[in-house]
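1. Generate a structure from the sequence data that follows.
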Amino acid sequence: MDNAFEKGFPDMAEWNTPEDLRYTENDEWIRVTGDTARIGLTDYAQDHLSDLVFVELPDVGDALTKGEAFAAVESVKAASDVYAPASGQIVAVNTKLDDAPETINSDPFGEGWIVEIKLSNPSEVNSLLDAAAYARHCASRE
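-> Next up is the predicted model:
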């Protein structure tokens, strides 16, 4: 992996970027397991949004189209849409976020997931950023 820290971006060491995920330039991650995938916000996103206070969740059964907004998050600093990294139908929603949106801050890649989808076109994931490319993308914005 190209090391962003060596290129003068010391803050990158503070953001977790798991290698088993794919990423969007809008700061969403996707973890594919068979024909389903979990989607959430990256560590970089939650760090820049700061303390999350509200998550507007979609409904199970809703269809997602790659690149379109499907949820929204609000923090003490800003509100932001969450965009679908791949197309599919929502099969699960993390309703724990209704009462504890801050879970995205404390565990963005685990308990802070937002939705799980049944992928309608798994090959869409191939066009997303890998961990190294996403780390470079984040570093370029600092």
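2. Counting by contacts, list what the lengthiest helix in the chain packs against.
-> Ranked by residue count, the top helix of the chain under DSSP state H comes out as helix 131-140. For helix 131-140, the packing partners by 3 or more CB pairs under 8 Å, 6 or more residues apart in numbering; DSSP states H and E come out as strand 22-23. The way it works is simple: take the backbone N, C-alpha and C, and place the C-beta from them, glycine included.
3. what mean pLDDT does the strand it packs on have?
-> The average of the pLDDT scores along strand 22-23 is 98.
4. what's that strand packed up against?
-> strand 28-33, helix 131-140.
5. thinking again about what came up before, flag every buried residue along the longest helix of the chain.
-> 131, 133-139 (16 or more other CB atoms under 10 Å).
6. quick check, nearest of those residues to residue 59?
-> residue 134 (28.6 Å; CB to CB).
7. picking up where we left off before, adding distance to residue 97 and mean pLDDT, write the helices and strands packed on strand 22-23 out as a markdown table.
-> Converted to a markdown table, the helices and strands packed on strand 22-23 look like this (distance: least, CB to CB, whole Å; pLDDT from 0 to 100):
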| stretch | distance to residue 97 | mean pLDDT |
| --- | --- | --- |
| strand 28-33 | 15 | 98 |
| helix 131-140 | 23 | 93 |
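8. so which of these comes closest to residue 112?
-> strand 28-33 (10.3 Å).
9. from the middle of its chain, how far away would whichever helix or strand comes after that closest one be?
-> Once the chain leaves strand 28-33, the next helix or strand it forms, by DSSP states H and E, is strand 36-41. The chain centroid and the centroid of strand 36-41 are separated by 7 Å under CA atoms, centre = their mean, to the nearest Å.
10. Okay, now the sheet partners of strand 36-41, with direction.
-> When pairing is defined by DSSP bridges, strand 36-41 lines up against strand 28-33 (antiparallel), strand 115-119 (antiparallel).
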